[in-house]
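J.: Sharing a model that was predicted from the sequence below.
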Amino acid sequence: MLSKMSENKSEFKAKLKQAQEDLKIQKTIEERAKSSNERELERYMKEQRELKIKNELDKIHKTNNSEMWKSKNLILGQKTTILKDDRPILMEKNIFLDNKTKVPITNKGMFFKW
């Protein structure tokens, strides 16, 4: 069974290579049959087509991007916090103040004076 699969794969690769060579030969023959003006015109037309495709893709990417940012499922649009308990930080006890004197702790080693 494995040998048959590998044989089919190698046969497929050989057919693909032959088809690519045939296509390349056909394209070369067609290109040589055209005049230089015709080849130049086709090149310009191809560039214009690629430019239109690029512009359309840019529009699609822009709309997708804006839809993504305006989506209801966006995490930025939800009320999320980094705190587990949603406790207000401003109402917490200030650990940098001495509770008795209400001045910053500087002489107890927390902050150094140089």
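T.: Everything's here; your move.
J.: Now do the longest helix belonging to the chain, average pLDDT.
T.: Ordering each helix of the chain by length in residues (DSSP state H) puts helix 36-69 first. For helix 36-69, the mean per-residue pLDDT is 94.
J.: cool, and stretch 9-25?
T.: pLDDT averaged over stretch 9-25 gives 95.
J.: returning to what we had before: now do the buried residues in the longest helix of the chain.
T.: Neighbour-count burial for helix 36-69 flags no residue at all (criterion: 16 or more other C-beta atoms under 10 Å). Glycine gets a C-beta too; all of them are placed from N, C-alpha and C.
J.: Could you give the backbone dihedrals for Ile95?
T.: phi -80, psi -10 (degrees, to the nearest 10).
J.: Just give me the neighbour total for it.
T.: Neighbours of Ile95 under the rule other C-beta atoms under 10 Å: 8.
J.: swap in Gln18?
T.: Neighbour tally, Gln18, other C-beta under 10 Å: 10.
J.: Also Asp22?
T.: Neighbours of Asp22 using other C-beta under 10 Å come to 10.
J.: Helix, strand, or coil at it?
T.: Look at Asp22: counting by DSSP: H, G, I helix; E, B strand; the rest coil, its state is helix.
J.: Can you give me the distance of it to Glu7?
T.: For Asp22, the distance to Glu7 equals 23 Å [C-beta to C-beta, to the nearest Å].
J.: For Ile75, give me the pLDDT.
T.: At Ile75, pLDDT is 64.
J.: Please apply the same query to the one 4 residues further on.
T.: Predicted confidence (pLDDT) at Lys79: the value is 65.
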